[in-house]
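Colleague: Show me the folded form of this:
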Amino acid sequence: MSSVKVESVVKEHAGIGEGPLWEESDQTLLFVDISGQKIHRWSAATNQVHSLKTGDTVGFAVPRRSGGYVAGVGRSIVAVDWTTQKVTSLVNVEDDKPENRLNDGKVDPMGRLLAGSMRKDAQTAQVKPGSLYMVNSNLSVTKLLSQVDISNGMDWTQDLKTFFYIDSLALSVDAFDYDSSTGHLANRRVVYRMEEGEGLPDGMTLDADGRLWVACYDGGRVVHIDPATGKRLQTVSLPAMKTTSCCFGGPDYSELFVTSASLGLDPSQLHQQPQAGHTFRVTGLGVKGRPSNSFAG
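Modeller: Below you'll find the predicted structure:
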């Protein structure tokens, strides 16, 4: 077992850092601050962070094949032109649910965007007010799941037959059969149930071996899970309790980047966790991740 090292690379205190994604072409880490209403790009080469204000909560940002990004801002899927800092609305979801907002989003290998919603104030959530949507390249929107509390982490197996998904308050990581031609989901099952002290499952990513890395909100850790056995293989502890999401990046996708949150911590907790809200780089895991996908629309 190689020695695992955790270091803080983005030392800004995000309210809710989320959605890290490695951009191979520029060797940059793209991530958002949901409550801070910003999209950030951190350059590994220069250690600089460049940011764009979104004007509302931003759940995710992903690259777009035609250039720039698409992001989930409020309840809209928007186009982001990084060079001009211009944000243009493409399609709205949930116009009938003003108390909701978009949360985690990820692009499947076919270039379709999956994005989920949740109530803005999850603590006072009614019964499962969120949904999971698929945005096709022609910007048509299909609802894949309803009755979701906090739509969160997602990823696909290499063969596209299985989709992994997290509804945080269910305290489990679930799998579905995935129809790669339509995006249709079937045969939902639990692959991992959170244990005492692990917190809420949040964002996640698959490594090249098809195993899961799940960020544990209020757990201060990322857990490495074998979905075939449902067993936890490893725990990586982080110096921030509100661990939110993770992705692989860096040389050969051998580094794990982990975002965290500081929102909701009281002054004594912030004193105990001076790195809350930072983004971390974990090296020495001995595994590699896979490149992200770009939205085809």
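
Colleague: Need the per-residue pLDDT for Val62.
Modeller: Each residue has a pLDDT score; the one for Val62 is 98.

Colleague: In the stretch 101-250 of the chain, where is pLDDT below threshold?
Modeller: Within the stretch 101-250 of the chain, the segments meeting pLDDT under 70 span 122-126.

Colleague: Contact partners for Gly289?
Modeller: 22, 205-208, 247-249, 253-254, 256 (C-beta atoms under 8 Å, 6 or more residues apart in numbering). To be clear about C-beta, it is placed using only N, CA and C from the backbone, and glycine gets the same treatment.

Colleague: With Asp167 instead?
Modeller: Contacts for Asp167 were tallied using C-beta under 8 Å, 6+ apart; they are 130, 148-152, 174.

Colleague: how does it look with 10 Å?
Modeller: Asp167 is in contact with 116, 118, 128, 130, 132, 145, 147-153, 173-174, 201, counting by C-beta atoms under 10 Å, 6 or more residues apart in numbering.

Colleague: go on, Ser66?
Modeller: Ser66 sits in contact with 79, 137, 294-297, where contact means C-beta under 10 Å, 6+ apart.

Colleague: neighbour-wise, which of the contacts of Asp167 leads?
Modeller: Using other C-beta atoms under 10 Å as the neighbour test, the contacts of Asp167 are led by Asn152, with 31 neighbours.

Colleague: what sits against that residue?
Modeller: Neighbouring residues of Asn152 by C-beta under 10 Å, 6+ apart: 18, 59, 103-104, 116, 118, 130, 132, 165-170, 173, 200-204, 214-215, 217, 244-245.

Colleague: Which of these are buried, as a PyMOL select command?
Modeller: To isolate the buried members of these in PyMOL, using 16 or more other C-beta atoms under 10 Å:
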select buried, resi 18+59+103+104+116+118+130+132+165+166+167+168+169+170+173+200+201+202+203+204+214+215+217+244+245
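
Colleague: Mind putting the contacts of Gly289 into JSON lines with secondary structure and distance to Thr83?
Modeller: As requested, the contacts of Gly289 are exported to JSON lines (DSSP: H, G, I helix; E, B strand; the rest coil; distance: C-beta to C-beta, whole Å):
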{"residue": "Trp22", "secondary structure": "strand", "distance to Thr83": "20"}
{"residue": "Thr205", "secondary structure": "strand", "distance to Thr83": "28"}
{"residue": "Leu206", "secondary structure": "strand", "distance to Thr83": "32"}
{"residue": "Asp207", "secondary structure": "strand", "distance to Thr83": "33"}
{"residue": "Ala208", "secondary structure": "coil", "distance to Thr83": "33"}
{"residue": "Cys247", "secondary structure": "strand", "distance to Thr83": "24"}
{"residue": "Phe248", "secondary structure": "strand", "distance to Thr83": "27"}
{"residue": "Gly249", "secondary structure": "strand", "distance to Thr83": "22"}
{"residue": "Tyr253", "secondary structure": "helix", "distance to Thr83": "27"}
{"residue": "Ser254", "secondary structure": "coil", "distance to Thr83": "30"}
{"residue": "Leu256", "secondary structure": "strand", "distance to Thr83": "30"}
